[in-house]
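In: Pasting the sequence and the predicted coordinates here, then a few questions.
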Amino acid sequence: MYLHTLTLNIGSSLHSFVLDTGNGSSLRALDHSDDQELAKSLHRMERPTLPLWMKKEIAKYALQPDALEEALSHGWAHFSIDHSNDPDVPAPDALKKFQFRLYSTILTIWTLYRDHTEDLQQEQSEAFYALRVWNALVDGLLKNVPDIKILRGERCSQSSSVRKNEDRDLESKKALGRRIDGIFISRKSKLEFGVIEGNREREGATGTKTLMDTRKLAKLLKDMMNHIFQASLKLDQLSTKIEMVGMLQSSLRVDFVSLDQIQGRFSLQFHPLRRTNAFSRFYYW
């Protein structure tokens, strides 16, 4: 793997100790011992999943357009579901907050689709998708999670800046962090733990900009992960449990890129986790 990395451009993910599972040439460079360690790491951490009660809450909006519009007109309390047999259901007040936030998000997206159907079917600016579509979906739902804050607009990552200035002294100028379209940050600790990169075009999984942005996300997530490790007092426990997630928002589609720790300084990048269309149920009925 080391010899293979020496043949790659300095911008490659491997130079940042990130092994991309979607990169065939890098995987072929692994020897037998590397393969064993990789296989062990793939099964070490459980993949994230939604609780049953939350899946039911989301699935209840899977209605035909006319039926959905009629149901939304009755308010959020109209969508009632029995969760008496579901495990890990939150307290009644917390459940109501989630139900109201989900209803508000679906209503916003439905109104956008109803009033701007033709605009959505044509190519728009990156700002249009970020503010009108993904802001409603992502930011709207995460308002229910008090410790998560999304910093939108192109900005520099603090984690990236920390890595770039590790050896800085007073004689050198402070380097800015890598620029990104959105950053997930903890309100309490101020640590960064997720990123968003936008693109107005739908290039597909093998498009040049898609591949470059995916690599950009992985390298930035690696900086964030290392920054969290540096700030943690329980590194041994944290390194096997933490997982970083980035969102690549291309027009009305989003790819999720996941990064976790393998061994030593190496991280494993899953590319992509899944692809979602913001208006798939409206467009493809």
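Out: Noted; the coordinates are in hand.

In: List the contacts of Leu6.
Out: By CB atoms under 8 Å, 6 or more residues apart in numbering, the contact set of Leu6 is empty. No exception for glycine: its C-beta is placed from N, CA and C like everyone else's.

In: Give me the distance between it and Ser12.
Out: Separation of Leu6 from Ser12 (CB to CB, to the nearest Å): 10 Å.

In: Tell me how many other residues surround Leu131.
Out: Residues near Leu131, counting by other CB atoms under 10 Å, number 14.

In: Please read the previous query as pertaining to Trp76.
Out: Other residues within reach of Trp76, judged by other CB under 10 Å, total 16.

In: now the spatially closest residue to it that is not a sequence neighbour, what's its secondary structure?
Out: Of all residues not flanking Trp76 in the chain, Tyr103 sits nearest, at 3.5 Å (CB to CB, 6 or more residues apart in numbering). Following DSSP: H, G, I helix; E, B strand; the rest coil, Tyr103 is assigned to helix.

In: where do the strands sit along the chain?
Out: 18-20, 148-156, 179-186, 192-199, 243-250, 253-261, 267-270, 275-277 (DSSP state E).

In: anything in contact with each of Leu6 and Ser12?
Out: Joint contacts of Leu6 and Ser12 (CB under 8 Å, 6+ apart) do not exist.

In: Output the below-cut-off pLDDT ranges for this structure.
Out: 1-2, 4, 10, 14-15, 17, 21-48, 205, 233-240, 262-285 (pLDDT under 70).

In: quick one: contacts for the residue nearest to Trp76?
Out: Tyr103 makes contacts with 72, 75-76, 79, as judged by CB under 8 Å, 6+ apart.

In: Against Asp167, how distant is it?
Out: For Tyr103, the distance to Asp167 (CB to CB) stands at 51 Å.

In: do Asn144 as well
Out: Distance from Asn144 to Asp167, by CB to CB: 41 Å.

In: okay, the two: which has more neighbours?
Out: Between Asn144 and Asp167, counting by other CB under 10 Å, Asn144 is the more crowded of the two (16 against 6).

In: Return the residues in contact with Ser125.
Out: Applying CB under 8 Å, 6+ apart, we find Ser125 in contact with Arg200.

In: Then Gln99?
Out: Contact analysis of Gln99 by CB under 8 Å, 6+ apart lists 57, 76, 79.

In: Thank you kindly, that will do.
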